[in-house]
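J.: got a predicted model here, sequence first, then my questions.
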Amino acid sequence: MPEGHVVHRQAKKIVRTFGGQVVSASSPQGRFDTGARLIDGATLTGGEAFGKHLLVSFDTERFLHVHLGLYGKWTFGKEVAPEPKGLIRLRLESQTAFADLRGPTRCEVITTAERAALVARIGPDPIRKDADPERAWARVKRSRSAIGALLMNQEVFAGVGNIYRAEALYRAGIDPYRCGRDVDRAEFDVMWDDLVELMRDGVRVGRIDTVRDEHSPTAMKRGKRHDRHGGEVYVYRRAGQYCYVCGDEVACSDMMGRNLFWCPTCQAH
DNA sequence: AGCTCATGGCGAG
DNA sequence: TCGCCCTGAGCTG
């Protein structure tokens, strides 16, 4: 259940594990037999993430496209792969390692042209060096949608999920319900730069930490305690608890079917 | 053991 | 905007 930073880590891990090697691909579950056959026996040449989309390349003109969705999961192992347990959509194997993919929302083999179309559709990803924030700004500045919704739109901000959405808005002091067109350029820049910093930090440490030391109740303690999602955050999943900065209660509401967490005092407008 | 919810996205309507 | 996809963790009992 990852946001973009996890997918970037997985892309690196796939390259580290299988890069330059011939891989066997199979679908123990059977649901991806046709796709697995298309890449079986090819040499894996690269892998990268565009937001939450993983694209793996081979020495053929085929690419593996994986989107984990809410349930998807990769499991890596160094030994010979064990007998499959449960539903494994895709298993990649080299002489010395294997990777199992379960429950992805999307797993397909695509052509160069299809890959280009996909990449063109995905918005700028703050983690990527080649991301163009102007594309996001162009959408935000003319949109009547709430900025909280725009941040979750992968055509606008790729890789941002429910945690980075909540935390970036909190750190910028912006009300999630404010219209995109009412966000000014300076505010957008602050938020974009913050996403770049937070998400790249997430790639580095494999966890989402957004609380500045001066606000952190645990920063002074040795052996930091982390929240259930694995890091320390201002508002995500903290509904009803006290805001670390103003002391008021963190709020939760439904925005387009997803839980939205924010502090009505720190993010009053 | 069973229930609910979750760091997503898609397609129907 | 809703239901579905289809998995696991964290609860409850």
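T.: Nice, thanks for sending it over.
J.: elements contacting whichever helix or strand A:Arg9 is part of?
T.: According to DSSP states H and E, A:Arg9 maps onto helix A:4-18. Packed against helix A:4-18 by the contact rule (3 or more C-beta pairs under 8 Å, 6 or more residues apart in numbering; DSSP states H and E) you find strand A:44-50, strand A:53-58, strand A:73-77, strand A:98-102, helix A:185-205. No exception for glycine: its C-beta is placed from N, CA and C like everyone else's.
J.: chain neighbours aside, what residue packs nearest to A:Gly159?
T.: Among residues not flanking A:Gly159 along the chain, A:Gly4 sits closest, at 2.2 Å (C-beta to C-beta, 6 or more residues apart in numbering).
J.: how many residues are close by that neighbour?
T.: 27 (other C-beta atoms under 10 Å).
J.: ok, it - contacts?
T.: A:49, A:51-52, A:125-127, A:158-161, A:164, A:199 (C-beta atoms under 8 Å, 6 or more residues apart in numbering).
J.: so which of those residues is the most crowded?
T.: Neighbour count (other C-beta under 10 Å) singles out A:Gly159 as the most crowded of the contacts of A:Gly4, with 30 neighbours.
J.: can you list phi and psi of that one for me?
T.: phi 100, psi -20 (degrees, to the nearest 10).
J.: quick check: it touching A:Ala131?
T.: No. In this structure A:Gly159 lies outside contact range of A:Ala131 using C-beta atoms under 8 Å: 9.3 Å.
J.: from the contacts of A:Gly4, which two are the most distant?
T.: A:Ala49 and A:Tyr164 (14.4 Å; C-beta to C-beta).
J.: now the residue in the stretch 51-200 of chain A positioned nearest to DNA strand B: how far from DNA strand C?
T.: Taking C-beta to the nearest atom of the strand, DNA strand B has its nearest neighbour within the stretch 51-200 of chain A at A:Gly161, 2.2 Å off. From A:Gly161 over to DNA strand C the distance is 15 Å, taken as C-beta to the nearest atom of the strand, to the nearest Å.
J.: does that residue touch A:Leu68 like I think?
T.: No. With contacts counted by C-beta under 8 Å, A:Gly161 stays clear of A:Leu68, the gap being 11.0 Å.
J.: tell me, what's touching those two both at once?
T.: A:2, A:52.
J.: and A:Glu83, what's its pLDDT?
T.: According to the predicted model, the pLDDT of A:Glu83 comes to 87.
J.: quick one, phi psi at it?
T.: Per degrees, to the nearest 10, the backbone of A:Glu83 is at phi -50, psi 130.
J.: next, count neighbours for it.
T.: 5.
J.: do A:Tyr71 as well
T.: 10.
J.: using the three-state scheme, assign it.
T.: coil (DSSP: H, G, I helix; E, B strand; the rest coil).
J.: quick check, it in contact with A:Leu101.
T.: No. Between A:Tyr71 and A:Leu101 there is no contact under C-beta under 8 Å: 11.2 Å.
J.: give the contact list for the closest residue to A:Asp248 other than its chain neighbours.
T.: The spatial neighbour of A:Asp248 that comes closest, neighbours along the chain excluded (C-beta to C-beta, 6+ apart), is A:Thr265 at 4.4 Å. A:Thr265 makes contact with A:243, A:246, A:248, according to C-beta under 8 Å, 6+ apart.
J.: for A:Gly148, give its distance to A:Tyr234.
T.: For A:Gly148, the distance to A:Tyr234 under the criterion C-beta to C-beta, to the nearest Å works out to 15 Å.
J.: what ranges in chain A fall below the confidence cut-off?
T.: Counting by pLDDT under 70, chain A has low-confidence residues at A:1, A:219-230.
J.: one more time with 50, if that's ok
T.: A:220, A:222-223 (pLDDT under 50).
J.: so which bits of it are right by DNA strand C?
T.: A:29, A:31, A:69-71, A:73, A:86-87, A:102-103, A:105, A:228, A:256-257 (C-beta under 7 Å from any atom of the strand).
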